[in-house]
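Trainee: need a structure here:
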Amino acid sequence: MTDLKTAQKGRVLCVLGPTNTGKTHLAVERLLAHRSGIIGLPLRLLAREVYDRAVAIKGPNHVALVTGEEKIVPRGAQWFVCTVEAMPLDRAYDFLAVDEIQLCADAERGHVFTDRLLQARGSEETMFLGADTARGLVRRLVPGAEFIARPRLSQLSYAGSKKLSRLPKRSAVVAFSAGDVYAIAEALRRQRGGAAVVLGALSPRARNAQVALFQNRDVDVMVATDAIGMGLNLDIEHLAFAELSKFDGVGMRPLTPAETGQIAGRAGRHLRNGTFGTTTNPNGGDCAPLDPDLIERIENHRYEPLQAARWRNPDLDFSSVDALAAALDVPPPREGLVRGREADDSLSLQVLRQDAAVLERATGHERVTLLWQVCGIPDFAKAMHDSHGRLLAQIYTHLCDGNGRLPADWVGGHLKRIDVTDGDIDTLATRLAHIRTWTYIAHKGAWLDDARGWQEKTRAIEDRLSDALHERLTQRFVDRRTSVLTRGLTEDPALLDVQLGEDDALTVGGEIIGHVTGLRFRPVGHDSVDQRRIIRQAAIRVLGPALQDRAAAILQLPDAAFSLSPEGGVMLTGPEKDSVALAVLAKGADMLTPKLNLLADDLLPADSRRALEEKLGDWLRRYLRQNLGDLYRLKDAELKFAARGIAFQLAETLGALKRDDVADLVRGMGQAERHPLRKMGVQFGEMHILLPKLLKPKPTQLKTLLWAVHEGREPEAPPTPGLTSLPVLEWRDDRWWLAAGFLRAGRHAFRLDVVQRIAEGARQAEQAARQKPARPEGRRDDAKPQPAQSAAETVAETVIENPALDAAPAHAETGEHIEQPVEAAAEAPAPVLAVEVAAEIPAAEPPKPKKRLGPPGSFLPDTAWMNLAGCGPDELHRLLWALGYKPLEAKDPDSGDKVTLYVRSHKAIVAKRQRETEKRREDQAKMVDSPFAKLAALKAKR
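Mentor: Numbers count the residues shown, from 1 in each chain. Purely as a prediction, here's the structure:
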């Protein structure tokens, strides 16, 4: 049993007081004033900070850093900066200090601080630093210790509750879980331009990079866990609690007043006063307000004194695993000491005691000592004890079987899986925790061949992961552009460094805040009203002249530099840059005369704006007339009477017109009146009157665009060029289909020229079916006998009716001429003289009369129509139905098969007449209020 009476080695000084009293600064000064010394700090982050300060004073060859994962021990090191757990106490030091000694009461780590309080001494001076709550406990445990009270250098006062968006500058928000920290940082990014993030799980490199964002004022707010409450010196002026409870390893519990005061005390530095309060937690709403009694305690630094220190037996028995476990269970030997919660190393020992392979090897003092060293490997990833225990069991068996060395290939395999820098924040943080475990193992020294090489390798991996994690944190939680603008809210915008680069990016302070696209300035991201105001004020100095110069250059460009996009934008095209929109089409007086809305920033001078509008308007008129010239010629043509009305309506409907809509006009037109329209390309069909040339792809695209602009709708892509029909996959207005040159028939659409030809074919088939079938001569009972036809006459008729000798039929409406193939003409039989073959042809039997399949006017659809339309029977059925034909079933008298005939629908005829009547009434109603009707009424009165 160790004698707990403290050895009197030099002076024992306890410097106690609240935060911001300069205690740590005093200890570092005393450390470096001695010939040798060591200081134990509660956090490796703080240890790194103190180490850097000591190196700056004494040089890197004389200062050592010892933490769980990092050991920098020069050969001539005289001053050691360590975490409390990692303090090497196997040598003598003139000076020894332990910071935050009140942690001796911590349930998890307290036994380590208690051991340093009772056992660790400097030969000349020992200094314990901490809160005044530890005064009575230290006085009981360390008789003869001297006490110095250090008052706070600045005042700490309560500032109430504030929303995240209203936190003052240089604020820190404290939460107690990574999820809450991330949620708060995300909210601050949207509202304040971002936040630095400090978590205990960060490596020193990543933590320092995040702190630098705050210290350099790239962001004005930091979000952190309670790790900042342990001596980290930051320029914090206000500290806000997002929550007042934490998970302590067992369950959720409220913060003690001392813990709350320790964290709140981070506000204010040196002589600057600080404030504290509460704020909103996006994951949990508003934090509960602080109790008035708690506020008074924090402001006056009055907390309950510590009653007992946590203790664990430091004299362990390594003769066997059971003896080791029994030594750990020894109760505290005196008043003022209590058992602490089982530490991670003790829990790991319990797990390994269940492993048969471990127990088989853990025999003898040396092996049990090695087992306890393995149990001391920290669980940085905070994994389940079983998972961490499996890793420890593997390490222990490898060390036992490998003469105290770990296999290089096994360790290398683990490091290779960890050395990956892609992934999200949580993934990188997990890898960083795992590499910290291997960094700790590498620094054990004797466990690895070439330990220094492995230390450098693990450090390199940790640095890469730290940089990647810092980059992910910055990308996610820091919007530098918004941060720059937020700072500009309180500064003169005229002083901001605004630049317009060659890539058309507008930057403020080196951060892109927007781009100049064409003649418009587009801010980046979603900005608040205040931020937009700053952007405008900052940008006005450079945008006005830049836009004026750009407009002058555009005015000198030829027509080839402009194009019209399918969406209706007038685009500026260039050889080096992508097309940019200069203007957009808008509804005009009619479809053929759209307006142009210039897409230009308000900073563009008015004279430049007018000149651009005039130039682009002239270009648009020339462009439309070039591609839709037939429509403009119809619109401008000097025609009379009905021809003028049809030309006007064709121009209004973009070159395709339902014949029913102008039935009255067409009915009264003769061929002479139609002739001028035909000369201008107009085709009169069964169903439509149209301009076939406008069915080509380019005019079709323009027509659908003009229709959409005039109707105030989003432009939609026209049918694929070359298709004669296509399925209707989504609803579109029938007027749009007409502008596109198609007729919608149910769920299928057909090109109008194809509809014309099929409608004409159906009409001819209907007319042929209305004729009575002719009886052969000699079969009619009421007819007189006719003389038999001579063979010569029969052959002559045969020669004349041979289709191979006929000229190819011409289609009158379209003017197309279908030529017979050369092969067909070559195979046609030559004409034969009737007198030469008269004797060879026997008298033919007169043919039997063909029975009609259905009622008069019914006909079978021609299969060639499906080939023409590129559709199947169902789609052809829909088209014929749209043309006014209804199907009926009939039976072929010769074959007995059922066939589908089509006959003119009476309902369709009535509907057509009704549409014509309604159209006539609409025209008459329009004429009642027209100037022509009023003029006619005046003439009638006279």
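Trainee: And the helix or strand harbouring residue 350, what's buried?
Mentor: Assigned by DSSP states H and E, residue 350 belongs to helix 344-352. By 16 or more other Cβ atoms under 10 Å, the buried positions in helix 344-352 come out as 344, 345, 346, 347, 348, 349, 351, 352. For the C-beta atoms, the positions are set from N, CA and C on the backbone; glycine is no exception.
Trainee: And for stretch 668-679?
Mentor: Going by 16+ other Cβ under 10 Å, stretch 668-679 has these buried residues: 669, 673, 674, 676, 677.
Trainee: circling back: ok, and what's touching the helix holding residue 350?
Mentor: 312, 321, 324-325, 328, 358, 371-372, 374-379, 385-386, 388-389, 392-393, 396 (Cβ atoms under 8 Å, 6 or more residues apart in numbering).
Trainee: And for stretch 869-886?
Mentor: Identification of contacts with stretch 869-886 by Cβ under 8 Å, 6+ apart yields 686-687, 723-725, 743, 745-748, 750, 754-755, 758-759, 762, 861, 865-866, 887, 900, 902-905, 907-909, 912.
Trainee: what's the burial count for residue 610?
Mentor: Other residues near residue 610 come to 11 when the count uses other Cβ atoms under 10 Å.
Trainee: that older thread, just send the buried residues of helix 344-352 back as a markdown table, with distance to residue 152 and pLDDT too.
Mentor: Putting those into a markdown table (distance: Cβ to Cβ, whole Å; pLDDT from 0 to 100) gives the following:
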| residue | distance to residue 152 | pLDDT |
| --- | --- | --- |
| 344 | 35 | 86 |
| 345 | 37 | 89 |
| 346 | 38 | 91 |
| 347 | 39 | 89 |
| 348 | 41 | 90 |
| 349 | 43 | 92 |
| 351 | 45 | 90 |
| 352 | 47 | 91 |
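Trainee: Kindly indicate which of the buried residues of stretch 668-679 lies nearest residue 201.
Mentor: Checking the buried residues of stretch 668-679 against residue 201 with Cβ to Cβ, the nearest one is residue 677 at 82.7 Å.
Trainee: Show the contacting residues for the closest one.
Mentor: Here residue 677 is in contact with 639, 643, 646, 647, 684 (criterion: Cβ under 8 Å, 6+ apart).
Trainee: Can you classify the fourth one as helix, strand or coil?
Mentor: Read that as residue 647. Reduced to three states with DSSP: H, G, I helix; E, B strand; the rest coil, the structure at residue 647 is helix.
Trainee: Which members of the buried residues of stretch 668-679 occur in helices, if any?
Mentor: 673, 674, 676, 677 (DSSP state H).
Trainee: Read off the pLDDT value for the last one.
Mentor: Pointing back at residue 677 there. pLDDT recorded at residue 677 is 90.
Trainee: thinking again about what came up before, just put the buried residues of helix 344-352 in CSV and tack on distance to residue 106.
Mentor: What follows is these, written out as CSV (distance: Cβ to Cβ, whole Å):
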residue, distance to residue 106
344, 14
345, 16
346, 15
347, 16
348, 19
349, 21
351, 23
352, 25
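Trainee: Helices along the stretch 401-550 of the chain, start to end?
Mentor: For the stretch 401-550 of the chain, the helices defined by DSSP state H, counting those that start in this stretch occupy 408-418, 425-442, 451-477, 480-488, 529-555.
Trainee: who touches residue 339 in this structure?
Mentor: 310, 311, 312, 331, 332.
Trainee: Pull out the buried members of those residues.
Mentor: Buried among the contacts of residue 339 (16+ other Cβ under 10 Å): 310, 311, 312, 332.
Trainee: Show me these that map onto strands.
Mentor: 310, 311 (DSSP state E).
Trainee: Pick the one among the buried ones among the contacts of residue 339 closest to residue 588.
Mentor: Among the buried ones among the contacts of residue 339, residue 310 lies closest to residue 588 (Cβ to Cβ), at 84.8 Å.
Trainee: Show me the beta-bridge partners of that closest one.
Mentor: For residue 310, the residues forming beta bridges with it (DSSP bridges) are residue 338.
Trainee: wait, what's in contact with it?
Mentor: Neighbours of residue 310 in contact, by Cβ under 8 Å, 6+ apart: 104-107, 110-111, 113-114, 337-341.
Trainee: before we move on, the earlier item: list just the nearest of the contacts of residue 339 to residue 586.
Mentor: For the contacts of residue 339, the nearest to residue 586 is residue 310 (77.9 Å; Cβ to Cβ).
Trainee: Quick check: that closest one vs residue 343, distance?
Mentor: 10 Å (Cβ to Cβ, to the nearest Å).
Trainee: ok, now residue 26?
Mentor: Distance from residue 26 to residue 343, by Cβ to Cβ: 31 Å.
Trainee: thinking again about what came up before, find the residues that touch each one of residue 310 and residue 343.
Mentor: With Cβ under 8 Å, 6+ apart as the test, residue 310 and residue 343 both reach residue 111.
Trainee: Lovely, talk soon.
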